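[1] sharing a model that was predicted from the sequence below.
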Amino acid sequence: QVQLTESGGGLAQAGGSLRLSCAASGGAFSDYAVAWFRRTPGKAREFVAAVHKNGQNKYYTHPVRGRFSISRDNAKNMAYLHMNSLQPDDTAVYYCAAGPIESGVGFGLESDYDYWGPGTQVTVSS
C-alpha cells in the first residue's frame, strides 16, 4: 500500500507559478509511475502529466505542455508538478496518483492508477 499526500496548492495570479508536491509513504514508490490529475466542479477528473518510474519518460496533456513540468525524486519518495504561466482554466483540485504502468496509453488512464492522494486546491485568479 502506498499513501500519497499532496501539498503546495493555493492561490496564484494568472501568469504566476506554483509547485505541487506529492509525498509517498508505506510502499515501493520507485516501482510505480506517478501522475497528476485534476478536477473542476461539474467535470470528470482529467489527466495532467505523468512520469515513468525511471523518472525519464514524461507525458503531458496538450493544454499544459510547455507550461507544466513533472518530476520525481525516488530517493526522497517525492513527486512534483511545477506549474508556470498559470491560467484561470488551471483552477482545479489536483490529485497525485501512483500505479504499475510500464508503457502505452495507460499513463493517461485514471483506472490504471491504484493509489491516490486526497487532492490539493489550486485557484488561479485573472
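    Received it, and whenever you're ready, just let me know what you need.
[2] skipping its backbone neighbours, what lies nearest the residue nearest to the spatial centre of the chain in space?
    Centroid-nearest residue in the chain: Trp36, 1.9 Å away (criterion: CA atoms, centre = their mean). What sits nearest to Trp36 in space, not counting adjacent residues and going by CB to CB, 6 or more residues apart in numbering, is Val48, at 4.3 Å. Bear in mind the C-beta positions are built from the backbone N, C-alpha and C, glycine included.
[3] Pro63 contacts Asp89, doesn't it?
    Yes - taking contacts as CB atoms under 8 Å, Pro63 lies within contact range of Asp89: 7.4 Å.
[4] any chance you could map the strands in the chain?
    3-7, 10-13, 18-25, 33-39, 46-51, 58-60, 68-73, 78-83, 92-99, 115-116, 120-125 (DSSP state E).
[5] turn these into TSV, including mean pLDDT.
    As requested, those are exported to TSV (pLDDT from 0 to 100):
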stretch	mean pLDDT
strand 3-7	98
strand 10-13	97
strand 18-25	97
strand 33-39	97
strand 46-51	97
strand 58-60	96
strand 68-73	98
strand 78-83	98
strand 92-99	97
strand 115-116	98
strand 120-125	98
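[6] can you redo those strands as a markdown table with distance to Gly106?
    Output for the strands of the chain, formatted as a markdown table (distance: least, CB to CB, whole Å):
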| stretch | distance to Gly106 |
| --- | --- |
| strand 3-7 | 18 |
| strand 10-13 | 31 |
| strand 18-25 | 19 |
| strand 33-39 | 8 |
| strand 46-51 | 9 |
| strand 58-60 | 10 |
| strand 68-73 | 16 |
| strand 78-83 | 17 |
| strand 92-99 | 8 |
| strand 115-116 | 15 |
| strand 120-125 | 24 |
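[7] what about those, which gets the closest to Gly108?
    Proximity to Gly108 (CB to CB) singles out strand 46-51 among these, at 4.2 Å.
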